[in-house]
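**Q** requesting a structural model of the entry that follows:
(2 chains)
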Amino acid sequence: AQKVTQAQTEISVVEKEDVTLDCVYETRDTTYYLFWYKQPPSGELVFLIRRNSFDEQNEISGRYSWNFQKSTSSFNFTITASQVVDSAVYFCARKAAGNKLTFGGGTRVLVKP
Amino acid sequence: SAVISQKPSRDICQRGTSLTIQCQVDSQVTMMFWYRQQPGQSLTLIATANQGSEATYESGFVIDKFPISRPNLTFSTLTVSNMSPEDSSIYLCSVEGPGPTRYFGPGTRLLVL
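**A** Numbers count the residues shown, from 1 in each chain, chains lettered A, B, ... in the order given. Here you go, the predicted model:
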């Protein structure tokens, strides 16, 4: 199985610090999509961003930014100036041919006031 | 994106009983997906439900344990049968689109005693 690996299981920071979440994926496909989702304590899974394999342009959206590097099969996510409301579990996921959406193990982010 | 609702939002059930979870989408979708998230774990796909055909189950999941109905293009149910404490999880309904992004319902938190 082609895996998605989030090596960090938990990150704890103090408010206003930056947080970078790592994601490394395996794929034999030339066309695929990468995603980040946020799961706050309430449990719902919130879609944050999608990238396709042909678009390596990095993106900034408010306090969030994403760094996609195809050469290293990585799709990292940074929260700038973290806030308590950013405390959640963040999942990286990959979707290739067919309908299989494969999730990483998740990284729990705890932002302390 | 589609608005997805699930009922019940949470439940506590006795061992050996069954629970049916409902998923309603505010637009017509071809495929609906059911996921399980065991405590502290990532998401695992249970099955894919197409309207008018049998659901397709992933390895490790069987129809007798997790029967699924898909009577129309906006609704699906997942039944967790003959429950044991190991079935305690969050169950999430998901749909795809627009585009390849998968969106998730708010989840059903199930505790089996």
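**Q** which residues does the residue found closest to A:T27 once you drop the neighbours it is linked to in the chain contact?
**A** In this structure, A:T27 finds its nearest non-sequential neighbour in A:Q2, 5.5 Å apart by Cβ to Cβ, 6 or more residues apart in numbering or on different chains. Any C-beta I mention is one placed from the backbone N, CA and C, and that applies to glycine too. The contact partners of A:Q2, by Cβ atoms under 8 Å, 6 or more residues apart in numbering or on different chains, come to A:25-28, A:94, A:96, A:102.
**Q** same check, this time on A:V109
**A** Counting by Cβ under 8 Å, 6+ apart, A:V109 touches A:10-13, A:19, A:21, A:79, A:82, A:86-90.
**Q** and what of B:V3?
**A** Shown in contact with B:V3 (Cβ under 8 Å, 6+ apart): B:25-26.
**Q** how close does it get to A:T102?
**A** Distance from B:V3 to A:T102, counting by Cβ to Cβ, to the nearest Å: 25 Å.
**Q** again, but for B:T56
**A** Look at B:T56 and A:T102: by Cβ to Cβ, they are 16 Å apart.
**Q** ok, for the residue in chain B positioned nearest to chain A, nearest residue in space, not its chain neighbours?
**A** Closest contact between chain B and chain A, by Cβ to the nearest Cβ, is at B:F104 (4.0 Å). Nearest residue to B:F104, sequence neighbours excluded (Cβ to Cβ, 6+ apart): A:L45, at 4.0 Å.
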